[in-house]
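[1] sequence and computational prediction follow.
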There are 6 protein chains.
Amino acid sequence: MPYVNIRLAGKLSREQKQQIAQEITDTLERVANKPKSYTYIAFDEKPHDSWAIGGKLLGDDK
Amino acid sequence: MPYVNIRLAGKLSREQKQQIAQEITDTLERVANKPKSYTYIAFDEKPHDSWAIGGKLLGDDK
Amino acid sequence: MPYVNIRLAGKLSREQKQQIAQEITDTLERVANKPKSYTYIAFDEKPHDSWAIGGKLLGDDK
Amino acid sequence: MPYVNIRLAGKLSREQKQQIAQEITDTLERVANKPKSYTYIAFDEKPHDSWAIGGKLLGDDK
Amino acid sequence: MPYVNIRLAGKLSREQKQQIAQEITDTLERVANKPKSYTYIAFDEKPHDSWAIGGKLLGDDK
Amino acid sequence: MPYVNIRLAGKLSREQKQQIAQEITDTLERVANKPKSYTYIAFDEKPHDSWAIGGKLLGDDK
């Protein structure tokens, strides 16, 4: 641990995922003393029509 | 919040997901006083062979 | 399946959870043809200070 | 319940998933007295580039 | 990875959790070639009245 | 969305959670163009004996 799960609509590039993973891992080490090697991060990039906010699905998947 | 995650085997149509999202969002507002705009719902439509019940995978994906 | 996970800040009464569970289970049967007996629902009632929206933790737990 | 979610990088064969599901369901019955018919298992086979360990994404998906 | 999340109603003893964790970790190594040191397991022991099956909450927590 | 779930063993202070939430929300806006107001973060601070790594439970809860 820690285990971090990031769920969002649409796709991220490999570079975006790499940057996000690095920053979150750094944050957890700096703020919570969690050694970097223990942090797992899993991204769930979901189709837009699999998310609803306020009872309405997000727009069609692009 | 609330965040609601619905995981099931097989696919739903956009219309089914829209109807389910609307009804659950309504329920959470009416029963638990959660404003609709705050409710997030994420659907995970999984292949049948990624679910097991009673130690047996569900049938092949249709 | 389906498996439904409802995560929210604060506590619900047993009566609220019962009502929400019944309505969601009904919705999934009526809209998606999922037999009621297969639907599992798990509530995660979390402390307010374990949720952040827009980068700010919710208020102190009541 | 129980509900077991197994998340890993890469793909498993149907035979691997069947074997894992059977063994975990057996374990939960033998060790924790959970009747087999109640145990749900969901596999999330994720692309390698959706996992990070120690702040680095795993290698490209094969 | 893998990351395994086990959610169930009621409490397990430390010995039960230790036994379950060991067996699942062994299974994932033997069947799916996942090195033991990479497997994370998180148990969520939930109150009975936070689970519903078939639209009915489980009995009062013991 | 995005919805971010951070699961770790042990407790964080309110200040640690506030700092982590702010940094992750900033990262998702800067790197992935996700408006801050849409980002939900939920922390799951779990007892040490509810986590296993390599088939062994972590030490007793402190």
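    Nice, thanks for sending it over. Numbers count the residues shown, from 1 in each chain, chains lettered A, B, ... in the order given.
[2] what residues are up against the closest residue to chain E within chain A?
    In chain A, no residue comes nearer to chain E than A:Y3, which is 5.5 Å away by Cβ to the nearest Cβ. All C-beta spots, glycine's among them, are computed from the backbone N, C-alpha and C. Contacts were defined as Cβ atoms under 8 Å, 6 or more residues apart in numbering or on different chains; by that measure A:Y3 touches A:T39, A:Y40, A:I41, A:A42, E:Y3, E:Y40, E:A42, F:I6, F:R7, F:L8.
[3] rerun at 10 Å
    Taking Cβ atoms under 10 Å, 6 or more residues apart in numbering or on different chains, we find A:Y3 in contact with A:38-42, D:7, E:1, E:3, E:5, E:40, E:42, F:5-8, F:44, F:46, F:51.
[4] of those, which belong to strands?
    Secondary structure of those is defined by DSSP state E; positions in strands are A:40-42, D:7, E:3, E:5, E:40, E:42, F:5-8, F:44, F:46, F:51.
[5] now, which of those residues sits nearest A:E23?
    Sorting those by distance to A:E23 puts A:I41 at the head of the list, at 10.3 Å, by Cβ to Cβ.
[6] now do the closest one: how many residues are near it, please.
    26 (other Cβ atoms under 10 Å in any protein chain shown).
[7] now do A:H48
    Using other Cβ under 10 Å, A:H48 has 14 neighbouring residues.
[8] ok, it touching A:L58?
    Yes: using Cβ atoms under 10 Å, A:H48 and A:L58 qualify as a contacting pair, with a distance of 4.1 Å.
[9] up against chain B, what does chain A have?
    Remark: the part of chain A in contact with chain B comprises A:7-9, A:44, A:46-47, A:49-57, A:60-61, using Cβ under 10 Å from any Cβ of the partner chain.
[10] could you tell me which of those count as buried?
    Among the residues of chain A next to chain B, those classed as buried by 16 or more other Cβ atoms under 10 Å in any protein chain shown are A:7-9, A:44, A:46-47, A:49-53, A:55, A:57.
[11] how about those residues in TSV, adding distance to chain D?
    Formatted as TSV, these follow (distance: Cβ to the nearest Cβ, whole Å):
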residue	distance to chain D
A:R7	11
A:L8	11
A:A9	15
A:D44	7
A:K46	11
A:P47	15
A:D49	19
A:S50	14
A:W51	17
A:A52	21
A:I53	23
A:G55	25
A:L57	22
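[12] tell me which two of those residues sit farthest apart.
    Comparing every pair within these by Cβ to Cβ identifies A:D44 and A:G55 as the most remote, at 21.4 Å.
[13] who's in contact with the residue lying farthest from the centre of chain A?
    Note on chain A: the largest separation between a C-alpha and the mean C-alpha position, by Cα atoms, centre = their mean, falls on A:G55 (22.6 Å). A:G55 makes contact with B:18, B:20-26, B:28-29, B:36-37, B:39, B:41 under the criterion Cβ under 10 Å, 6+ apart.
[14] cool, A:T27 as well?
    Residues counted as contacts of A:T27 (Cβ under 10 Å, 6+ apart) are A:V4, A:K34, A:T39, F:Q19, F:I20, F:A21, F:Q22, F:E23, F:I24, F:D26, F:T27.
[15] again, 6 Å this time
    F:I20, F:E23 (Cβ atoms under 6 Å, 6 or more residues apart in numbering or on different chains).
[16] quick one: it from chain D, how far?
    When Cβ to the nearest Cβ, to the nearest Å is applied, the distance between A:T27 and chain D equals 10 Å.
[17] kindly confirm my reading that that residue is in a strand.
    No: note on A:T27: no strand contains this position according to DSSP: H, G, I helix; E, B strand; the rest coil, which reports helix.
[18] separation between it and B:R30?
    For A:T27, the distance to B:R30 under the criterion Cβ to Cβ, to the nearest Å works out to 38 Å.
[19] same check, this time on A:S50
    Summarising the geometry, the distance separating A:S50 from B:R30, computed by Cβ to Cβ, is 24 Å.
[20] again with A:G54
    For A:G54, the distance to B:R30 under the criterion Cβ to Cβ works out to 15 Å.
[21] do the same with A:Q16
    Distance of A:Q16 to B:R30, computed by Cβ to Cβ: 39 Å.
[22] please identify which of the two sits among more neighbours.
    Neighbours around A:Q16 and B:R30, counted as other Cβ under 10 Å, are more numerous at A:Q16. The numbers are 15 against 12.
[23] quick one: secondary structure of the more buried one?
    Here A:Q16 is helix, with the state taken from three-state DSSP.
[24] is it in contact with F:R30, as I believe?
    No: between A:Q16 and F:R30 no contact is recorded; they are 10.3 Å apart, counting by Cβ atoms under 6 Å.
[25] what about A:N5, how many residues nearby?
    There are 18 residues near A:N5, going by other Cβ under 10 Å.
[26] pairing partners for the closest residue to it other than its chain neighbours in the sheet, please.
    The spatial neighbour of A:N5 that comes closest, neighbours along the chain excluded (Cβ to Cβ, 6 or more residues apart in numbering or on different chains), is F:N5 at 4.5 Å. The partner list for F:N5 in beta bridges (DSSP bridges) reads A:N5, F:A42.
[27] how about stretch A:7-20: buried residues?
    Residues A:R7, A:L8, A:A9, A:G10, A:L12, A:K17, A:Q18, A:Q19, A:I20 are the ones in stretch A:7-20 that count as buried (16+ other Cβ under 10 Å).
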